[in-house]
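Peer 1: after the sequence you'll find the predicted model.
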Amino acid sequence: MEQSLQYSNVLYVDDELHNLNSFKACFRRDFSVFTAQTVDEALRILKEQEIHLIVTDQRMPETTGIEFLESIIKDYPDAVRMLLTGYADIDAVVDAINKGRVFKYIQKPWEEAVLRKTIQEGLELYALTRANKKLTEELEENNKQMEFLLRQSLLS
């Protein structure tokens, strides 16, 4: 499935400026890249932009990536979430999947081609989720209309 440019806003959260700059340099031609060095910056961006996919580092000074992702699920349920870390911590992987609803767990250092493909897969998932939600809403509306027409028919 070809990635639609309609859904290409990617937010990368990492406390290391070098990582943010590298990420932006690698992916700015493929996606609309937003970067944040702190969770507060990330939250501001989430409020100002429609972010489709979030990549976050696991180990940051103020919070973990999992805690950040878990904290935004309620307000940004559709954003696809990915966790990036240099540490092979199985507990973090399990928590990421269970608490943060993480789509993919990626180890640092990341390979550009692999990460690009994974981001594209995440954005395709986002597009499919949006299309599915729209179809569900249309079906619900059609069901309401059919119910109304059926009641009218029974009453007359």
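Peer 2: In hand now; what should we look at?
Peer 1: hey, let's count contacts and neighbours off CA atoms from now on
Peer 2: Noted.
Peer 1: and Glu111, how far from Leu17?
Peer 2: 18 Å (Cα to Cα, to the nearest Å).
Peer 1: of these two, who's got more company?
Peer 2: Just comparing Glu111 and Leu17: by other Cα atoms under 10 Å the higher neighbour count belongs to Leu17, 13 against 10.
Peer 1: stretch 19-35: end-to-end distance?
Peer 2: With Cα to Cα as the measure, stretch 19-35 spans 10 Å from end to end.
Peer 1: tell me the buried residues in it?
Peer 2: 19-20, 23-24, 27, 31-35 (16 or more other Cα atoms under 10 Å).
Peer 1: neighbours of Leu53, how many?
Peer 2: Burial measure for Leu53: 25 neighbouring residues, criterion other Cα under 10 Å.
Peer 1: report the distance from the helix of greatest length in the chain to the chain centre.
Peer 2: What stands out as the longest helix in the chain, according to DSSP state H, is helix 112-155. On the basis of Cα atoms, centre = their mean, to the nearest Å, helix 112-155 sits 17 Å off its chain's mean C-alpha point.
Peer 1: what does stretch 6-23 give?
Peer 2: For stretch 6-23, the distance to the chain centre is 13 Å (Cα atoms, centre = their mean).
Peer 1: helices of this structure, start to end?
Peer 2: Under the criterion DSSP H, helices of the chain are mapped to 17-27, 39-48, 65-72, 90-98, 112-155.
Peer 1: dead centre of the chain: give me the residue that sits there.
Peer 2: Nearest residue to the geometric centre of the chain (Cα atoms, centre = their mean): Val80, 2.1 Å.
Peer 1: give the bridge partners for it, please.
Peer 2: With DSSP bridges as the criterion, Val80 is bridged to Leu53.
Peer 1: in contact with the residue lying closest to Ile51 once chain neighbours are set aside, which residues?
Peer 2: Spatial nearest neighbour of Ile51, excluding adjacent residues (Cα to Cα, 6 or more residues apart in numbering): Asn9 at 5.0 Å. If a contact means Cα atoms under 8 Å, 6 or more residues apart in numbering, then Asn9 has 31-34, 50-53 as its contacts.
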